[in-house]
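Student: Pasting the sequence and the predicted coordinates here, then a few questions.
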Amino acid sequence: MKRDEKIFELIQKERVRQESGIELIASENFTSPQVMEAMGSVLTNKYAEGLPGKRYYGGCEVVDVVETLAIERVKELFGASWANVQPHSGAQANAAVMLAVLKPGDKILGFDLSHGGHLTHGSTVNFSGKLYEPTFYGVEKETGLIDWNKVVDQIRSEKPKLVIAGASAYSRDWNYEAMRGACDEVGALLMADISHPSGLIAKGLLNDPLKHCHIVTSTTHKTLRGPRGGVIMMGEDFENPWGLKTPKGKTRMMSSLLDSGVFPGTQGGPLEHVIAGKAIAFGECLTDEYGAYVQQVRANAQAMNKAFIDKGYDVISGGTDNHLMLIDLRSKNISGKLAENTLIKADITINKNMVPFDDKSPFVTSGIRVGTAAVTTRGLVEADMPRIVEFIDRTLMNHENDNEIAVVREEINAWMNQFPLFKGYEG
Ligand SMILES: Cc1ncc(COP(=O)(O)O)c(C=O)c1O
């Protein structure tokens with residue numbers, strides 16, 4: 001077969017883009033060469049519907065070992081008692097859980113999308129808001145913080161079937177314990193979606209959701225630095241006091257319901273090449289080196305937060321406990337959309353983001369979200385964060401001056417050249 005030069009040229013172009021700019025999208029990271037190697041391997045050819053040892057296809061001896069390693073490693077990493085590593089993405093993991101534990105029309109309570117929540121936590125444009133009855137909690141206008149007493153009161157008054165902890169753009173920690181107490185009072189299930197801070201949680205830098213939540217979901221490609229994908233875990237709540245049933249009407253333990261929520265509920269064959277990448281990434285996360293990495297991610301986020309505040313930027317809640325922060329640009333008279341479009345001209349990648357109580361549409365937004373997971377992988381430390389913020393500020397303050405932005409871009413490209421990515425990887 002003729003080599004598809006067109007696509008490989010585009011891959012090279014994307015590699016150069018990643019290498020030459022400053023990557024601040026909070027949900028992105030640079031996975032290791034060995035993870036990418038596994039994802040480009042022959043494992044992509046294998047069908048393996050079912051679970052290790054219980055497949056609907058022959059020839060699964062090797063992928064069974066791969067998937068079992070991924071399961072064992074992620075359990076060790078988070079101290080979980082059970083895991084399913086097959087969800088193709090974070091959204092798929094959440095869909096599988098909801099299919100397993102809810103009936104259409106059941107009430108769910110999630111963190112408001114416009115305050116930093118995720119689409120799959122009940123947004124009306126997503127399956128979670130179309131199939132179930134969504135209600136939301138949010139942050140306080142004055143502080144930008146979640147008031148846990150109010151969340152507890154809301155759980156008591158709404159009496160949802162499922163409560164969802166977790167966010168895409170909340171820079172503070174979660175009070176899973178308070179949420180669980182209220183859930184137990186009203187017989188609700190508690191799920192934490194830790195997609196963003198999962199790496200920091202794995203290394204004990206943030207509260208442990210597995211101690212308090214019935215179910216925990218995560219992506220594997222953000223702070224965990226693995227391949228794009230999802231995972232579902234459980235701590236200790238295997239009982240099924242709700243009498244939840246499989247589609248065939250059988251009452252099962254929670255773990256078994258969740259397995260069937262993934263397959264056959266919402267997915268077909270698992271992506272074993274990606275699961276191999278997950279196994280490698282979980283193995284990497286078990287090392288002390290990764291522990292030092294997530295410490296640095298947080299230290300960098302705190303240094304970046306200070307640098308933004310020093311330059312007069314309005315950081316929601318005034319600080320960060322994790323790897324990200326949300327910045328309200330209204331005081332600078334710049335929309336999130338303008339900021340995103342201007343910064344990309346300087347090879348700085350961020351995303352526009354709604355801020356709590358935003359008066360602009362999701363396509364325009366009043367804010368931006370930034371995170372330090374990717375630049376930390378690249379080798380940047382606290383002392384580099386003011387320089388990044390200086391570049392951002394110079395670019396935004398000169399958003400009508402393309403010459404100045406071009407100068408900033410050249411400086412950034414030269415700086416990033418000193419931090420090579422993907423050493424030894426030619427893919
Ligand atoms: C909290 C949260 N959950 C789920 C997802 C969805 O993950 P994916 O894009 O892999 O479907 C995201 C993605 O950003 C997220 O932030």
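Tutor: It's in. Numbers count the residues shown, from 1 in each chain.

Student: Looking at the stretch 51-200 of the chain, what residue ends up closest to the ligand?
Tutor: residue 90 (2.5 Å; Cβ to the nearest ligand atom). The C-beta positions use only the backbone N, C-alpha and C, and glycine is treated the same way.

Student: what's downstream of the worst-scoring helix or strand of the chain on mean pLDDT, the next helix or strand?
Tutor: For the chain, counting by mean pLDDT, DSSP states H and E, helix 254-260 ranks last in confidence among helices and strands (a mean of 94). Remark: after helix 254-260, the chain's next helix or strand is helix 272-285, criterion DSSP states H and E.

Student: re the thing from before, which residues does the residue nearest to the residue of the stretch 51-200 of the chain closest to the ligand when sequence neighbours are not counted contact?
Tutor: The spatially closest residue to residue 90, leaving aside those adjacent along the chain, is residue 219, at 3.7 Å (Cβ to Cβ, 6 or more residues apart in numbering). Contacts here follow Cβ atoms under 8 Å, 6 or more residues apart in numbering; on that basis residue 219 touches 27, 89-90, 93, 195, 198, 228-231.

Student: Check which helices and strands the strand or helix carrying residue 408 sits against.
Tutor: Assignment of secondary structure by DSSP H and E places residue 408 within helix 402-416. With contacts defined as 3 or more Cβ pairs under 8 Å, 6 or more residues apart in numbering; DSSP states H and E, the packing partners of helix 402-416 are helix 5-20, helix 336-345, helix 385-397.

Student: and the last one, how far out from the chain's middle?
Tutor: The chain centroid and the centroid of helix 385-397 are separated by 25 Å under Cα atoms, centre = their mean, to the nearest Å.

Student: helices and strands around that helix, which ones?
Tutor: Contacts defined by 3+ Cβ pairs under 8 Å, 6+ apart place helix 385-397 against helix 288-310, helix 336-345, strand 348-349, helix 402-416.

Student: and the direction of it versus that of helix 336-345, what angle?
Tutor: Interaxial angle, helix 385-397 versus helix 336-345 (axes from the mean of the first three to the mean of the last three Cα atoms, to 10 degrees): 110 degrees.

Student: Now do helix 385-397 against helix 288-310, angle only.
Tutor: Using the same axes, to 10 degrees: helix 385-397 against helix 288-310 is 50 degrees.

Student: which residues sit against helix 385-397?
Tutor: 22, 24, 300, 303-304, 306-308, 310-311, 329, 332, 334, 339, 342-343, 345-346, 348, 350, 372, 375, 380, 404-405, 408, 411-412, 415.

Student: Residue numbers of the protein in contact with the ligand?
Tutor: By the rule Cβ under 6 Å from any ligand atom, the part of the chain lying against the ligand is 27, 89-91, 118, 120, 166-168, 193, 195-196, 219, 230.

Student: Those in strands, which ones?
Tutor: Within the residues of the chain next to the ligand, residues falling in strands by DSSP state E are 193, 219, 230.

Student: got JSON lines for those, with pLDDT too?
Tutor: Output for these, formatted as JSON lines (pLDDT from 0 to 100):
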{"residue": "193", "pLDDT": "98"}
{"residue": "219", "pLDDT": "98"}
{"residue": "230", "pLDDT": "98"}
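
Student: Identify, from these, the entry nearest to residue 183.
Tutor: Nearest to residue 183 among those: residue 193, at 15.1 Å, using Cβ to Cβ.

Student: Just the CA trace of stretch 127-134, in CSV.
Tutor: Taking Å, rounded to 0.1, in the frame of the first residue of the first chain, the C-alpha atoms of stretch 127-134 are listed here in CSV:
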residue,chain,number,x,y,z
PHE,A,127,-27.5,12.6,26.7
SER,A,128,-27.3,13.2,30.5
GLY,A,129,-29.6,16.1,30.3
LYS,A,130,-31.9,14.6,27.6
LEU,A,131,-32.4,11.2,29.2
TYR,A,132,-32.5,12.2,32.9
GLU,A,133,-33.9,15.1,34.8
PRO,A,134,-31.0,17.4,35.6
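
Student: For it, give me every contacting residue.
Tutor: Residues outside stretch 127-134 that contact it (Cβ under 8 Å, 6+ apart) are 94-95, 98, 102, 104-110, 119-124, 162.

Student: Excluding sequence neighbours, find me the nearest residue to residue 98.
Tutor: residue 128 (6.2 Å).

Student: what about residue 414, how many residues close to it?
Tutor: 10 (other Cβ atoms under 10 Å).

Student: next one: residue 100
Tutor: Neighbour count for residue 100, taken as other Cβ under 10 Å: 24.

Student: Likewise for residue 224?
Tutor: The local packing of residue 224 (other Cβ under 10 Å) involves 32 other residues.

Student: before we move on, what about residue 383?
Tutor: Residue crowding around residue 383 was assessed by other Cβ under 10 Å; the count is 9.

Student: residues touching it, list them.
Tutor: Going by Cβ under 8 Å, 6+ apart, the list of residues near residue 383 reads residue 303.

Student: if we can go back for a sec, I'd like to know how many residues surround the residue nearest to residue 98.
Tutor: 24.

Student: can you give me how far the helix or strand harbouring it is from the chain middle?
Tutor: Element membership of residue 128, judged by DSSP H and E, is helix 127-131. Counting by Cα atoms, centre = their mean, helix 127-131 is centred 20 Å from the centre of its parent chain.
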